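# Sequence and computational prediction follow.
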Amino acid sequence: MNRGIRVSAAALTPLARAQEILANNLANVSTTGFREDRVGFERLLATTAQPGTGGANAGVQPGGAAPTGAGATGGPNAAGALGAAPALGRKVDLEAGALDTTGGPLDLAIVGPGFFTVQTPDGPAYTRDGSFSLDAEGQLVHRSGNPLMGEGGPITLAAGSVFEVDTDGTVRVDGEAQGRLQVVSFTDPTTLRHAGRGLLASDVPGEPIETARVVQGSLESSNVDPVGTMVEMMTVLRSFEANHNALMTQDQTLAQLVRWAST
């Protein structure tokens, strides 16, 4: 296949996926505690088989990324390089959103790093969305219907009881301390991924934060910048159109060449 066609075609899928992610960010600009996904691109080199290289994928690192450094197969001087194709990278942006005062006793926000822990059927999930409510059993639950976790398990309130949370996350019911909220952080935040309904999941357990600061009666807004996101979407769209046009031009040129060769 023509190298230019291969590279242009390979760029379309990650660009389309990036547009989907940015559109999802924009759709959640008003979602409480939402953390936007940041997208970026890196170049991968596909290499053809060369004598003594051990095959088509020789020298290519796991995941398809070409190694760097002098003499690396697939480097700038590699004769077998078919061309560079973009790979989409994404990570959750942990920048804090603004705090909005609501006065609701079940509305909680975290100032600084950390996430509330919510127990789901698939295991622990994490959120900055502190808009909680009581279910029929008196458990404090996230809007996904899953219970908010304290250090000793789910938090349950009796009907008519007074619920208070100290700034260090200590839960008080009718003035009596009932443990602390389970607020955690992650050494490697790149392990976090969106799990729907305002929740984040990670294959790595979160680490408890002893210095977490919790504010009762407030909610954290989304950290999505709508103007910046729209600019990013336009940039990605222009890149998609440029690669699509390049692909069509090369295809037409190749078709003309084939017709010329067959005459």
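Good, I have the coordinates. Numbers count the residues shown, from 1 in each chain.
# in the stretch 151-263 of the chain, which spans are helices?
Remark: helices assigned in the stretch 151-263 of the chain by DSSP state H, counting those that start in this stretch are 226-262.
# so where is it shaky, pLDDT-wise?
Along the stretch 151-263 of the chain, no part satisfies pLDDT under 70.
# Kindly report the same for the stretch 1-150 of the chain.
Counting by pLDDT under 70, the stretch 1-150 of the chain shows low-confidence ranges at 1-2, 43-86.
# Tell me which stretches of it form helices.
Under the criterion DSSP H, counting those that start in this stretch, the stretch 1-150 of the chain contains helices at 3-27.
# what about the strands in it?
Assigned by DSSP state E, counting those that start in this stretch, the stretch 1-150 of the chain shows strands spanning 37-47, 81-92, 99-101, 108-111, 115-120, 123-127, 133-134, 140-141, 149-150.
# To Ala158, which of those lies closest?
With respect to Ala158, and counting by C-beta to C-beta, the nearest of those is strand 133-134 at 10.3 Å. (Glycine included, C-beta is placed from N, CA and C.)
# Show residues contacting that closest one.
Leu106, Leu140, Val141, Arg143, Leu157 (C-beta atoms under 8 Å, 6 or more residues apart in numbering).
# centre of the chain versus stretch 192-205, how much separation?
Chain-centre distance of stretch 192-205: 9 Å, with C-alpha atoms, centre = their mean, to the nearest Å.
# Outside of it itself, list whatever touches it.
31-35, 37, 91-92, 115, 118, 120, 122-127, 129, 142-144, 146, 184, 186-188, 191.
# do the same with stretch 155-168
The list of residues contacting stretch 155-168 from outside it, by C-beta under 8 Å, 6+ apart, reads 105-106, 108, 134, 137-140, 147-149, 171-175, 178, 180-181, 211-216.
# So what's the residue count around the closest residue to Ile5 other than its chain neighbours?
Among residues not flanking Ile5 along the chain, Gln250 sits closest, at 5.0 Å (C-beta to C-beta, 6 or more residues apart in numbering). If you count neighbours by other C-beta atoms under 10 Å, Gln250 ends up with 18.
# ditto for Arg238
Count around Arg238 with other C-beta under 10 Å applied: 11.
# Kindly report the same for the one 10 residues further on.
For Met248, the number of neighbouring residues by other C-beta under 10 Å comes to 12.
# Next, work out how far apart it and Glu164 are.
Distance, Met248 to Glu164, using C-beta to C-beta, to the nearest Å: 64 Å.
# Same question for Arg35.
To Glu164, Arg35 is 27 Å away according to C-beta to C-beta.
# So between those two, which is more surrounded?
Arg35 (29 against 16).
# Contact partners for that one?
With contact set as C-beta under 8 Å, 6+ apart, Arg35 has these partners: Val92, Asp93, Leu94, Arg128, Leu192, His194, Leu200, Asn223.
# Could you pick out the buried ones from the residues you listed?
Neighbour-count burial (16 or more other C-beta atoms under 10 Å) applied to those gives Val92, Leu94, Arg128, Leu192, His194, Leu200, Asn223.
# Redo those as JSON lines? Include distance to Val231.
Putting the buried ones among the contacts of Arg35 into JSON lines (distance: C-beta to C-beta, whole Å) gives the following:
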{"residue": "Val92", "distance to Val231": "20"}
{"residue": "Leu94", "distance to Val231": "21"}
{"residue": "Arg128", "distance to Val231": "25"}
{"residue": "Leu192", "distance to Val231": "25"}
{"residue": "His194", "distance to Val231": "22"}
{"residue": "Leu200", "distance to Val231": "25"}
{"residue": "Asn223", "distance to Val231": "16"}
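# what's the closest of the residues you listed to Asn24?
Proximity of the buried ones among the contacts of Arg35 to Asn24 (C-beta to C-beta) peaks at His194, which lies at 8.3 Å.
# That closest one bridge partners, please.
Beta-bridge pairing for His194 (DSSP bridges): Leu200.
# for the strands of the stretch 1-150 of the chain, which one sits closest to Thr13?
Closest to Thr13 of those, according to C-beta to C-beta: strand 81-92, at 8.3 Å.
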